[in-house]
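Just need the structure, nothing else, for what follows:
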Amino acid sequence: MAAGAVAIVLVAIFLHYFLVESEKRHMVEQEEQTAKTLATAMKLPFTQILLFEESEIVSEAGLLDLYVSRMVGSVDLHIDYAMVFDPEGRILSHSDLTLFNRKLDDPLSRKALSADGIVLSHIGDPFDGGVIDVATPLNVSSKRFGTLRFGYSLAGLADRLLQLKRKTLALTVSAAAGMILLVFAASMVMTRPIRRLVGALDSVRLGKLEPIPLPERHDELGDLQNSYRMMVNRLAQEKTERERTRELLARTEKMATVGTLAAGIAHEINSPLTGSMHSVHALASGTLPAEKRDRYLQVLGEGLERIRRAVSQLLDYSTVHVTNMVHCDLSGLVTKTLEFLEYQITRNRIEVENRLPPLVVRADAHKVEQVLVNLVLNAVAAMPRGGRLAFRHFEEGPFLTLVVSDTGEGIPEGNLEKIFEPFFTTKGDGKGTGLGLAVCRKIIEQHGGKISVSSRPGEGTEFLVSLPFAAVPGRDHER
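Here you go, the predicted model:
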């Protein structure tokens, strides 16, 4: 619509300009023709006067001045000046009496004297008070008696041009307005079905996969509407198939998870259970010496403890416990955990570096201690020949991130994405259930935080635990 309106306006401007210029040329040509007609009409009486004078049939006796003064004084002839030359260019009569008997030598005078027919010359702008200088020879056959020259006024052309411009402008504006209204009406008729189709497509974008009823058409828009219906039906079918596939994948994933849990817990329980049953059978014989009986009792107790620990960690992973959120000092929890595991740390000759200031977080202190115990025990297991265990922190937006790093054996790159999965462990048989880090991730996610790991084999491992800051009034977050 906008392009059509602009095109119509440009065409209207062009047509207005073309019509005005064409009419201007036509008006000037009409005036030139009038001037020629006037020159032809005035040639005969002036020639007769000069002929009679030369033949001495009658004396001129001021007839030239009379005719010149009547030409200039006539309102209908629109003549500004008039003059008669003799063959040598001397003025025999002029509307300006002061120029009588003078000889003019300007270009127009020379052109008029040398012409064999009517000569027209424009002086000034035809539409701004210009004049047509007209010259015609006064002759009979080849005998030339003089030259008539006069100025035909074009003063009326300016008013006629103004009226023409007004009429042409009114015509072009009316035509342009009519065309714009016609384009607007046609575009409204043409775009109405397009807008309906666009609205139907928008409903698809918003998730509505039911075809919106549209009027039947048998043109290009009808083809588009049919394509729209086919698209919506196909999308609806694909959505149904997608939901069916998603449900199938969900069931498959659940079965795979159940299978993984069952296999893991079966492995963790079966090995100590087998040893415990063997110890029970041996003890039941009653023939064992005291030393072996004590050994079998120890094996029985260790096996039952492994079973209890595996079941406990499995319950921690699979059960949603109530989280008791309180304000607690994270650095204090780290210190308490290090004191609790001091024996394992000292026995493995591990140096501890704790650079944590008092850090207040809102968390379940018991669950955070459980996470810290798992992380410290993993670090101790990764440094059997000693090393350094470090604690530091940094703040990132509303989160406080605890960094627990060790200088142990590290984790292969292929295992970094697996260590948080249930029952995945890199420890030897009987040394881990593979649930510790899975439980840690679940606890941290319950707190609205996240846990991640980075490691290089032979260089150590670094765990990052991010927890939300506690909303303590007046606390200044230093970066």
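
buried sites along whichever strand or helix holds Ala381?
Ala381 is part of helix 365-382 when elements are defined by DSSP states H and E. Neighbour-count burial for helix 365-382 flags 365, 367-382 (criterion: 16 or more other Cβ atoms under 10 Å). Every residue, glycine included, has its C-beta placed from N, CA and C.

With stretch 187-199 instead?
Neighbour counts over stretch 187-199 (16+ other Cβ under 10 Å) mark 193, 196-197 as buried.

Mind giving me the packing neighbours of the helix or strand hosting Met277?
Element membership of Met277, judged by DSSP H and E, is helix 220-285. Helix 220-285 sits against helix 157-205, helix 290-318, with contacts defined as 3 or more Cβ pairs under 8 Å, 6 or more residues apart in numbering; DSSP states H and E.

Can you lay out the ones you listed as a markdown table showing mean pLDDT?
Formatted as a markdown table, the helices and strands packed on helix 220-285 follow (pLDDT from 0 to 100):
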| stretch | mean pLDDT |
| --- | --- |
| helix 157-205 | 81 |
| helix 290-318 | 71 |
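
any chance of the ones you listed in TSV, plus distance to Leu283?
Compiled in TSV, the helices and strands packed on helix 220-285 are given as follows (distance: least, Cβ to Cβ, whole Å):
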stretch	distance to Leu283
helix 157-205	74
helix 290-318	5
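
Which of the ones you listed sits closest to Ala5?
helix 157-205 (5.0 Å; Cβ to Cβ).

sorry, back to before: which of the helices and strands packed on helix 220-285 sits closest to Asn101?
When those are compared by Cβ to Cβ, helix 157-205 sits nearest Asn101, at 34.6 Å.

relative to helix 220-285, how tilted is that closest one?
Put simply, helix 157-205 runs at 30 degrees to helix 220-285, going by axes from the mean of the first three to the mean of the last three Cα atoms, to 10 degrees.

Remind me what helix 157-205 packs against, helices and strands.
Secondary elements touching helix 157-205 (3+ Cβ pairs under 8 Å, 6+ apart): helix 2-54, helix 220-285.

mean confidence score for the helix holding Ala381?
On average, the pLDDT along helix 365-382 is 88.

any idea of the angle whichever helix or strand comes after that helix forms with helix 365-382?
The helix or strand immediately downstream of helix 365-382 is strand 387-396, counting by DSSP H and E. Taking the same axes, to 10 degrees, one finds that strand 387-396 is oriented at 140 degrees with respect to helix 365-382.

other SSEs contacting strand 387-396?
Under the contact definition 3+ Cβ pairs under 8 Å, 6+ apart, strand 387-396 sits against strand 350-354, helix 365-382, strand 399-406.

which of the residues in the first one are buried?
This means strand 350-354. For strand 350-354, burial by neighbour count (16+ other Cβ under 10 Å) applies to 350, 352.

strands paired with it, and their directions?
Its sheet considered, strand 350-354 pairs with strand 387-396 (parallel) by DSSP bridges.

The strand it pairs with: how far from the chain's middle?
Distance of strand 387-396 from the chain centroid (Cα atoms, centre = their mean, to the nearest Å) equals 45 Å.

now Val299, nearest residue through space, not along the chain?
Ser279 (4.9 Å; Cβ to Cβ, 6 or more residues apart in numbering).

Look at the one you found and say how many residues are nearby.
Neighbour count for Ser279, taken as other Cβ atoms under 10 Å: 21.

What residues does it make contact with?
296-297, 299-300, 303 (Cβ atoms under 8 Å, 6 or more residues apart in numbering).

Buried only: go through the residues you listed for me.
The neighbour count (16+ other Cβ under 10 Å) marks 296, 299-300, 303 as buried among the contacts of Ser279.

burial count for the closest residue to Val352 other than its chain neighbours?
Of all residues not flanking Val352 in the chain, Leu389 sits nearest, at 5.1 Å (Cβ to Cβ, 6+ apart). When counting by other Cβ under 10 Å, one arrives at 24 neighbours for Leu389.

try Val204
Val204: 17 surrounding residues under other Cβ under 10 Å.

from memory it sits against Asn233, does it?
No: here Val204 does not reach Asn233: they are 11.2 Å apart, not a contact under Cβ atoms under 8 Å.

Would you pull up how far stretch 232-240 lies from the middle of the chain?
Taking Cα atoms, centre = their mean, the mean C-alpha location of stretch 232-240 is offset from the chain mean by 30 Å.

quick check: mean pLDDT across the helix holding Met277?
Rounded mean pLDDT across helix 220-285 is 74.

mind checking how far it is from the chain centre?
42 Å.

What is the neighbour count of Arg308?
Residues lying near Arg308 (other Cβ under 10 Å) number 11.

Would you format the contacts of Ser279 as TSV with distance to Gln48 included?
Shown next, in TSV, are these (distance: Cβ to Cβ, whole Å):
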residue	distance to Gln48
Tyr296	165
Leu297	165
Val299	160
Leu300	161
Gly303	155
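
Among the residues you listed, find me the one that's closest to Glu243.
Looking across the contacts of Ser279 and measuring by Cβ to Cβ, the closest to Glu243 is Gly303, at 47.5 Å.

Now do the contacts for that closest one.
Gly303 makes contacts with 272-273, 275-276, 279, as judged by Cβ under 8 Å, 6+ apart.

now do 7 Å
Residues in contact with Gly303 (Cβ atoms under 7 Å, 6 or more residues apart in numbering) are 272-273, 275-276.

give me the number of residues near the closest residue to it other than its chain neighbours?
Nearest non-adjacent residue to Gly303, counting by Cβ to Cβ, 6+ apart: Pro272, 3.4 Å away. For Pro272, the neighbour count with other Cβ under 10 Å is 21.

Now do Pro272 against Leu300, distance only.
Distance, Pro272 to Leu300, using Cβ to Cβ, to the nearest Å: 9 Å.

for Leu437, same thing?
Going from Leu437 to Leu300 by Cβ to Cβ gives 29 Å.
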